[in-house]
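J.: 3D, please:
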Amino acid sequence: YNTPGTASSGLNPNAPRNPLGTLQDNTNIGDTYRSFGNFAADYRFPFLKALHANLNLGYDASKGDGSVFIPANAAQAYTTLGSSYQYHQKNINTTGEFFLNYTSDIKPLNSNINITAGTGYYDFLTTNFNYARYNAAGDLIAGTTPVFANDRPRYTLLSYYSRLIYTFNSKYIFAGSIRTDGSSKFSPANRWGVFPSAAFTWRMSDENFLKESKTLSDLKLRLSYGVTGQQDGIGYYGYLPTYFLGNNSAQYQFGNTYNYLYSPSSYDASLKWETTNALNAGFDFGFLNQRISGSIDAYYKNTKDLLSTVFVPAGTNFTNQLTTNVGNMTNKGIELNLTGVAVKSKDINWSINYNIAYNLNKITNLSTVANDNSIGTTTGGISGYTGGTIQIQSVGYSANSFYVYKQVYDNAGKPLEGVYADLNGDQTVNSGD
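T.: Residues are numbered from 1 along each chain as shown. This next block holds a predicted model:
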């Protein structure tokens, strides 16, 4: 209503919405159904009882459907005189794993060997059903008739792996593994990634020179190196040239019919696995029959071919942003964990835990071209701020570093409102500062 109390002639589309009114005007009724199950089998071969065959099968199926109704006088749908539509989605996730395991003591060598080899198959299928939208009176809203009745994005992962653990004299443990993963998110040329690892453990407290200690109850040295792959957070078809339908405001008229435009999506045919090489060294320790115990670890990780969405020069792809392998990043740090058993009796156990960690993270490369002059890619959205972002991914800095102006303070230590430091000395406070 206007100030005198007369009805307003229309709604200001830029005005903020009343959150309570938005909830009350939106009638959303839906149902979700879910079913999941697992099957596991373990078979011991009669001719070699140390050899086991294991089969694990699982599924997780769900579907959700419902309807939404927004009345004609609701601010969120006033341009179409209300909105009424249905939604329906199905998800089917299936897993299958098969592996062989062999464990045996080698008594002449005072050793134990544990060998595992197997494969895994993981499939994720989503079916989205598309429906037209109508206004509150039941009239079809122009441009909402779906071109496709449904879409079925699907992603599959196939894995092969093996692991060997050799223990000598119950004190020296050597472990090695290798796995090969194939993801449908990458092209056939880059689909497979090979990820090895190796580890060594020494139970120092079992050595003769420490075994008789009345204070030290456990001391173990751990060393490991491994390569891992990462392919989460990207679309299912980022390596393929695809098209998407334009929105309702980008249609063209042919006679009395309004038709959608098809626009090409950005893609990178050379998309591949993001990999991390990790080196770790640590100690596990215990004193006074484990009344005091803990661990300390130091690590270094080097991540290459980061999967990220970055801005690209105009004309180099179909859009100005591209999901691709761009940049490297390092992480190094140290972690300390301590546990103390303050009270241990038949009726009461009381332990105290403490941990502290330090990590230094740095982006070492973030560009697809040499001699890139870009300061980085902004990120970290924040509400109520004109620029929209307050963080940045920039070479030489930690990931998600804050990218804001430096506040100027008075002699009393109070911030001066709207006054910021000119860090580069060009007499202007701008993005260079």
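J.: only C-alpha atoms for contact and neighbour calcs from this point on.
T.: Fine.
J.: Longest strand in the chain, please.
T.: In the chain, taking DSSP state E as the definition, the longest strand is strand 83-106.
J.: Dihedrals phi and psi, residue 21?
T.: Backbone geometry at residue 21, expressed as degrees, to the nearest 10, gives phi -70, psi -40.
J.: so how far is the longest strand of the chain off the chain centroid?
T.: Strand 83-106 sits 18 Å away from the centroid of its parent chain (Cα atoms, centre = their mean, to the nearest Å).
J.: Buried ones in that strand, by neighbour count?
T.: 83-86, 88-103 (16 or more other Cα atoms under 10 Å).
J.: can you pull out the strands in the stretch 1-150 of the chain?
T.: Residue ranges of the strands in the stretch 1-150 of the chain, as given by DSSP state E, counting those that start in this stretch, are 27-44, 51-70, 83-106, 111-129, 150-151.
J.: which helices and strands does the third one pack with?
T.: Under the contact definition 3 or more Cα pairs under 8 Å, 6 or more residues apart in numbering; DSSP states H and E, strand 83-106 sits against strand 51-70, strand 111-129.
J.: Please name every helix or strand in contact with the longest one.
T.: Using 3+ Cα pairs under 8 Å, 6+ apart as the contact criterion, the elements in contact with strand 51-70 are strand 27-44, strand 83-106.
J.: who are the neighbours in contact with residue 63?
T.: Residue 63 makes contact with 32, 33, 34, 88, 89, 90, 91, according to Cα atoms under 8 Å, 6 or more residues apart in numbering.
J.: Swap in 6 Å and give it another go.
T.: Residue 63 makes contact with 32, 33, 89, 90, according to Cα atoms under 6 Å, 6 or more residues apart in numbering.
J.: Could you export those residues to TSV, including columns for distance to residue 124 and pLDDT?
T.: Below are the contacts of residue 63 laid out as TSV (distance: Cα to Cα, whole Å; pLDDT from 0 to 100):
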residue	distance to residue 124	pLDDT
32	18	95
33	17	97
89	13	94
90	11	96
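J.: Which pair of those spans the longest distance?
T.: Spatially, the most separated pair among the contacts of residue 63 is 33 and 89, at 10.6 Å (Cα to Cα).
J.: Tell me, how many residues neighbour residue 69?
T.: Residues lying near residue 69 (other Cα atoms under 10 Å) number 18.
J.: correct me, but it touches residue 27?
T.: Yes - here residue 69 reaches residue 27: they are 5.2 Å apart, a contact under Cα atoms under 6 Å.
J.: do you know how far residue 189 is from residue 269?
T.: Per Cα to Cα, to the nearest Å, residue 189 is found 9 Å from residue 269.
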